[in-house]
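J.: this one's structure only:
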DNA sequence: GATTTATTTAATAGCTCTATTAAAAGCGAA
DNA sequence: TTCGCTTTTAATAGAGCTATTAAATAAATC
């Protein structure tokens, strides 16, 4: 990170908080300035446009969201262990960034430009990772350890189960009154359920 | 449906189309009027406020989204068959209403008022259905047909796998160039995968 | 055909939003 | 202290938004 003075950082923090909660369209630079405790013009002074400020945050979050898949591919472990680690890392990241799935999906779906940028980045940076995983997967299938499926199939199950759980967060929480303990317990229960289902889905 | 003249219906159709695509906040009454081919003031003449127009559409979609769960509970079938039927009905409904999951989640998360209305409606209309399903499930567990789990666990798996697939629609489509045939094939493949995973997740 | 009622329009009030601008305040170096 | 640069502010242009209003047109009823 480049050195950054207090106000500039405050604006970035305020923007991150609000963009994550309400998305690009529903967050105004006026509101960001209020949250950061500064004048609205300062937001534009430091970041020129709302779009540029947003993009900076969005790309960082996007990276956070995708990083595990690369990590997993580097390690030398049995394939099933890689998948387990990947699913666990994904879940743990989501626990610390619960607003992430909703944020990313919303912005990708509402803005085709951002989706195109993502697809280009996937082609450039993740195609090889994907290929390696897929080759390894096909080898496991050939050996009869895993049933006939593609790596996309595996990814979808992980992303669906883990992602949707946290996208439903605001809705599910309403059902758990009282202290947050019950809810935390519930999330831990779901962690085990999801992992179990993901691994079971590999079995022939 | 009450009788409704052409313009009034055109406005409703235009609003539905735009709200589903872009959500409440990003759709303007001006745009709805343009889509409906009428003056902007007419939107307000027939529906008073954007909020009332939206609510009308939202409630109808909400009902569409929840209806299957009731249907399934009425029939007299083995429990596992009920779950299968429920998952299939859910998937088929989503195929015909692909924008539905994104639309509903977005509006529920961005507007706490709508979420509260939903929760009240669930308490009122679905609590009994839920109880019946859950009792039946506990009986199956006691008999050893199904492993230890709650009905919420089952619902989450169905909603996650089916819902996320269609929320990812715009992203996944980008990967399938050419005619839509490949994509349709892929969706059918995922239908079977999801069903398989859902039913397997019940097994002890 | 005249009169009442329903539909449609243009115009606009009153907001809020993004981005810019010119001026003011703060501050380190000469 | 003064100069030059950075940071901050108030003010505002220009646009889009929702909702209303009064007037115009079309349709229905007598």
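T.: Perfect, I can see it now. Because the structure is predicted, anything quoted here is derived from the model rather than measured. Numbering: from 1, shown residues only, chains lettered A, B, ... in the order given.
J.: tell me the domain boundaries of chain A?
T.: Using automatic domain parsing, the domain parsing of chain A gives A:1-48, A:58-200.
J.: out of these, which comes closest to chain B?
T.: Chain B lies closest to domain A:58-200 among those, at 3.7 Å (CB to the nearest CB). C-beta coordinates here come from the backbone N, C-alpha and C atoms, glycine included.
J.: From start to finish, how long is that closest one in a straight line?
T.: Length of domain A:58-200, first residue to last, CA to CA, to the nearest Å: 34 Å.
J.: and it, is it in reach of DNA strand D?
T.: No - using CB under 7 Å from any atom of the strand, domain A:58-200 stays clear of DNA strand D, with a minimum separation of 14.5 Å.
J.: Would you pull up how far that domain lies from the middle of the chain?
T.: Its chain's C-alpha centre and that of domain A:58-200 lie 8 Å apart, by CA atoms, centre = their mean, to the nearest Å.
J.: Could you tell me how many residues sit around residue A:155?
T.: 16 (other CB atoms under 10 Å in any protein chain shown).
J.: Got the confidence number for the residue lying closest to residue A:146 once chain neighbours are set aside?
T.: Spatial nearest neighbour of residue A:146, chain neighbours left out: residue A:140 (4.5 Å); criterion: CB to CB, 6 or more residues apart in numbering or on different chains. Model confidence at residue A:140, given as pLDDT, is 97.
J.: which parts of the helix or strand hosting residue A:140 are buried?
T.: Assigned by DSSP states H and E, residue A:140 falls within helix A:127-142. For helix A:127-142, burial by neighbour count (16 or more other CB atoms under 10 Å in any protein chain shown) applies to A:129-130, A:133, A:137, A:140-141.
J.: any idea how far the residue of chain A positioned farthest from its centre is from residue A:204?
T.: Distance to the chain centre peaks in chain A at residue A:143, reaching 32.6 Å (criterion: CA atoms, centre = their mean). The spacing between residue A:143 and residue A:204, counted by CB to CB, to the nearest Å, is 10 Å.
J.: Spell out which parts of chain A neighbour chain B.
T.: Listed as neighbours of chain B in chain A under the rule CB under 8 Å from any CB of the partner chain: A:22-23, A:25-26, A:102, A:105-106, A:108-110, A:112, A:115, A:118-119, A:149, A:153, A:156-157, A:159-161, A:163-165, A:167-168, A:170-171, A:174-175, A:190, A:193, A:196-197, A:200-201.
J.: can we see that at 7 Å?
T.: A:22, A:25-26, A:102, A:105-106, A:108-110, A:115, A:119, A:153, A:156-157, A:159-161, A:163-165, A:167, A:170-171, A:174, A:193, A:197, A:200-201 (CB under 7 Å from any CB of the partner chain).
J.: hang on, the earlier thing: give me the phi and psi for the residue farthest from the centre of chain A.
T.: With angles defined as degrees, to the nearest 10, residue A:143 shows backbone torsions of phi -80, psi -10.
J.: And for residue A:51?
T.: Backbone torsions for residue A:51, taken as degrees, to the nearest 10, come to phi -60, psi -50.
J.: what about it, neighbour count?
T.: 13.
J.: What score does the residue nearest to the spatial centre of chain A have for pLDDT?
T.: In chain A, the C-alpha nearest the mean C-alpha coordinate belongs to residue A:65, at 3.2 Å (CA atoms, centre = their mean). Per-residue pLDDT puts residue A:65 at 91.
J.: where does chain A dip in pLDDT?
T.: Counting by pLDDT under 70, chain A has low-confidence residues at A:1-4, A:72-73, A:178.
J.: The same query, at a cut-off of 90, please.
T.: A:1-5, A:66-76, A:120-130, A:174-181, A:204 (pLDDT under 90).
J.: could you pull out the helices for it?
T.: Taking DSSP state H, the helices of chain A run over residues A:6-26, A:29-36, A:40-47, A:50-74, A:79-96, A:100-110, A:112-125, A:127-142, A:151-158, A:164-167, A:169-174, A:181-200.
J.: Deepest in the core, which of those is it.
T.: helix A:164-167 (a mean of 24; mean count of other CB atoms under 10 Å in any protein chain shown).
J.: what's that helix in contact with?
T.: Outside helix A:164-167, the residues that touch it by CB atoms under 7 Å, 6 or more residues apart in numbering or on different chains are A:94, A:98, A:101-102, A:190, B:105, B:156, B:159-160, B:163-164.
J.: Out of those, which comes closest to DNA strand C?
T.: residue A:102 (19.8 Å; CB to the nearest atom of the strand).
J.: Nearest spatial neighbour of the closest one, chain-adjacent residues omitted?
T.: Distances taken as CB to CB, 6+ apart place residue A:167 nearest to residue A:102, at 5.0 Å, with adjacent residues excluded.
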